[in-house]
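Peer 1: Here's a sequence, model it:
(chains A, B and C, ligands or ions: 2)
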Amino acid sequence: MSVREVLGEEPEVAMAEERYRVIGEILSRVFRGARPLTLSDLLDKAFLNRYLGIPIFLTLWWALFRFTFDVSAPLSDLIDISFSRLGEFASSIIGNEWWSAFVSDAICGGLGGVLVFIPPIFFLFLGLALLEDSGYLARAAFVVDKILRPFGLQGRSFIPLLLGFGCNIPGVMATRTIPSERDRILTICVNPLITCSARLPVYVLIAGAVLGAYAPMGVFTMYLLSIVLALLMALIFKALIPYFRKGRRAPFILELPDYARPTLRSTLTHMYERGILFLKKAGTIIFLGIIVVWLLSSHPWGAPLDQSYIATLGKWLEPLFRPLGFDWRGAVALLFGFIAKEIVVGTFAVFFGLGEEAEIEEVQRSIVELGVFTPLTGFAFMAFTLIYIPCLATIGIIYRETNSVKWTLFTVIYGLILAYLIALLIVVIGGLMGLG
Amino acid sequence: MERRLSELNPGESGIISRIEGRGEERRKLLDMGLVRGTRITVVRRAPLGDPIELLVKGYNLSLRLDEAEGVYVKPVE
Amino acid sequence: MREIEVALIGNPNVGKSLIFNNLTGGRAHVGNWPGKTVEKKEGRCIHKGVTMRIIDLPGVYSLTAASIDELIARNYIVEERPDVVVDIVDASNLERNLYLTLQLLELEANLVIALNKSDIAESLGYEIDVKGLSELLGVPVVPTIATVKVGMEELKDAIVEASKRGVKARVRYREDIEELIERIGDILRRDEDLTRKYPIRWLAIKIIEGDEEVMRLIEERGLIEELREVIG
Ligand SMILES: Nc1nc2c(ncn2[C@@H]2O[C@H](COP(=O)(O)OP(=O)(O)O)[C@@H](O)[C@H]2O)c(=O)[nH]1
Ligand SMILES: [Mg+2]
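Peer 2: Ligands and ions are numbered 1, 2, ... in the order given. Coordinates of the predicted model:
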């Protein structure tokens, strides 16, 4: 007797059936009970209701979003302030000028730069753990799956993308709830296109300076562009990149566990586990990155910023950005934006000799007076800021989460190319339309 | 009479008679307990009509409609 | 002091993280599985003079190698041969959870079952004859409630016991399937190297199922011709 003769044309199916037959036999002898109608079933009548399902879904994620970023904001500010105070204090007691700057700006600045992410990340994971342990997370994926599917994404991609609007780091980390490796990496790759809250000040600065009455519209356009690009790129990657295309599509099989009251211990465990991982792995990369950039921007020692290594680099890169209408200041601002988008505004302030704490209106006036941007190139600069390399911390976390240099580089490089293309498109088309 | 699982309305049940399709997708369905002779109930559709929620082997599972298409059932009361 | 290696496995959401924390006191070393994006957690637990090195395997429904998680879990059990594998089973969802259990038995893993969420099973009105289940599977079964640490001492006892005793379990399939397994097994056992490295019963079942990974292995060992008659 061969396998076919015993089990038919589909032995795999027959073995699965046989296992379940044996299980049935065992259970018939040791198990009694039938699933009753539970509270969980009743809750689902509301949470997954045809009309209420989506409003409840929107309300809950909005709550999570606000919870993560609003509750944590004051804590992040506190950390930020503490470390700059600590830096000031350190520099005041260290005699040597270089060491004093190194300790206050690089070390304290670097530590602060890592630790400011802690509150949003812990709060995010607290919120996610609550949603997960309560059983709602799976329902959320169930509700939105259909919307994301045309773009090659799936229900579970929603939360990471949403969180990206606050900060891409928790966004990328939240992809852990996606079991399919392909879907997960695709969701990670497009996450940096979601415009995080740190990019907003840049939009506000530039739009306010050069777009006049159209400033709010310009900023809003960035948010729209962000969503469109993230979905579009997902679609394109899915269609063109062999890794995402090949292999059979992973089935969207999703268990909907019963609702449960989240226990404090389980919730805190989940939150702690993930938060601590961020600190250990991404933290070191971010910290080192900040130190390197400090070294580049403050050397040769004693030179003003526009003669630092990083400015030299900016001037060297200027020809590359000329077609987009950015001068070396734009280039350097983008280089700094690579560490953290928060620094861009301050960088412009320093260029204009205004000091880092300058009022935004002063910076905007200088941008106009010195003709750094026209409305068109300003808008292109905003788009570039939206799309190009995510900040250093996000790169760190992408590397950590994909565990792959290849995917990290891919994300960085396609971002740069796309940013350049879109900015160029804006300048060229705008030019043809007689704007500028 | 055999019907596709994707054609059952919420509240309707059936006994699985066969699963079409190959590879990963079918294997996953088998692993999750969708084997011949198993009773399965469509609990509801998602608010946007797809995917669907099923009750099988005492737990709730969600499948996309196009995945449920390959599952054939004999409807029962 | 004796040191044993203990792997935790179970379906997603069965309470594996909590049991891992209960056993290790939350102190874990977190890394990645070699070359993979899947997280690997390791911890330690000392019980009755035995040091247990506890490895958290990914949460999976099955071991068919359909996903990276499943591949990691099964390769670990096949290649590392942990002294004990703790299969965490959701008592409120027994039928589907036991599917993984049967596959672990096929792997001839030295199993201990933690029958977790037994509080939920009870509240659903389920009655489970734990002793009967243990006898039918040939594996120790320990009811637990991970959220309140019920059953943890008993679980540790059972792990230490099992590590001394070795594998006993054997679930039998239909007679004609068992015959097939036996015949394929006989052919495989001619390859001594293979016999030393892999559980033969498991290989035989995977060959019956036409599992891609295992078929590749069989081809590499040049056994495919000899098996032709059985597998057709
Ligand atoms: N009632 C009850 N809930 C439990 C038990 N074990 C775990 N849970 C809950 O089940 C959920 C999943 O637990 P977790 O440890 O994350 O499972 P994992 O996905 O297997 O790691 C959490 O919400 C836990 O609080 C238990 O024994 N009883
Ligand atoms: Mg877990």
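Peer 1: And stretch B:42-60, end to end?
Peer 2: From its first residue to its last, stretch B:42-60 covers 10 Å (CA to CA, to the nearest Å).
Peer 1: Okay, buried residues for it please.
Peer 2: B:42-47, B:50-60 (16 or more other CB atoms under 10 Å in any protein chain shown). In this view, the C-beta of every residue, glycine as well, is placed from N, C-alpha and C.
Peer 1: Identify the single longest helix in chain B, thanks.
Peer 2: helix B:23-31 (DSSP state H).
Peer 1: how far is it from where the chain is centred?
Peer 2: From the chain centre to the centre of helix B:23-31 is a distance of 12 Å (CA atoms, centre = their mean, to the nearest Å).
Peer 1: Quick check: residue C:45 vs ligand 1, distance?
Peer 2: Taking CB to the nearest ligand atom, to the nearest Å as the measure, residue C:45 falls 16 Å from ligand 1.
Peer 1: Which elements pack onto the next helix or strand after the longest helix of chain B?
Peer 2: Per DSSP states H and E, the first helix or strand lying C-terminal to helix B:23-31 is strand B:39-45. Applying 3 or more CB pairs under 8 Å, 6 or more residues apart in numbering or on different chains; DSSP states H and E, one finds that strand B:39-45 contacts strand B:13-19, strand B:52-56, strand B:71-76.
Peer 1: so where's chain C uncertain?
Peer 2: Per-residue confidence for chain C (pLDDT under 70) gives these ranges: C:35, C:37.
Peer 1: Nearest to ligand 1: which residue in it?
Peer 2: Nearest residue of chain C to ligand 1: residue C:15, at 2.8 Å (CB to the nearest ligand atom).
Peer 1: Distance-wise, check that residue relative to chain B.
Peer 2: Look at residue C:15 and chain B: by CB to the nearest CB, to the nearest Å, they are 15 Å apart.
Peer 1: before we move on, the earlier item: which other residues reach the longest helix of chain B?
Peer 2: By CB atoms under 8 Å, 6 or more residues apart in numbering or on different chains, the residues outside helix B:23-31 that reach it are A:12-13, A:16-17, A:248-251, A:253, B:19-20, B:63, B:67, B:70-71, C:61-62, C:64, C:66, C:99.
Peer 1: In helices, which of those residues fall?
Peer 2: Residues of the contacts of helix B:23-31 located in helices (DSSP H): A:12-13, A:16-17, B:67, C:99.
Peer 1: what residues does chain A put near chain B?
Peer 2: A:12-13, A:16-17, A:20, A:34-35, A:44, A:48-51, A:53-54, A:138, A:142-143, A:145-147, A:149, A:155, A:248-258 (CB under 8 Å from any CB of the partner chain).
Peer 1: Now, those residues that are in strands?
Peer 2: Among the residues of chain A next to chain B, DSSP state E puts A:254-255 in strands.
Peer 1: Apart from its chain neighbours, what residue comes closest to residue A:104?
Peer 2: Leaving aside its chain neighbours, residue A:104 sits nearest to residue A:87 (3.4 Å; criterion: CB to CB, 6 or more residues apart in numbering or on different chains).
Peer 1: count of neighbours near the one you found?
Peer 2: By the measure other CB atoms under 10 Å in any protein chain shown, the count of residues near residue A:87 is 21.
Peer 1: Mind pulling the model confidence for residue A:250?
Peer 2: pLDDT, residue A:250: 69.
Peer 1: who are the neighbours in contact with the most centrally placed residue in chain C?
Peer 2: Geometric centre of chain C, nearest residue: residue C:104, 3.8 Å, by CA atoms, centre = their mean. By CB under 8 Å, 6+ apart, residue C:104 lies in contact with C:9, C:63, C:77, C:85, C:87, C:111.
Peer 1: Let me know the closest of those to residue A:297.
Peer 2: Nearest to residue A:297 among the contacts of residue C:104 is residue C:9, at 50.5 Å by CB to CB.
Peer 1: That closest one sits in which helix or strand?
Peer 2: Residue C:9 belongs to strand C:2-10 when assigned by DSSP H and E.
Peer 1: Beyond that strand, next helix or strand please.
Peer 2: Sequence order places helix C:16-24 as the next helix or strand after strand C:2-10, per DSSP H and E.
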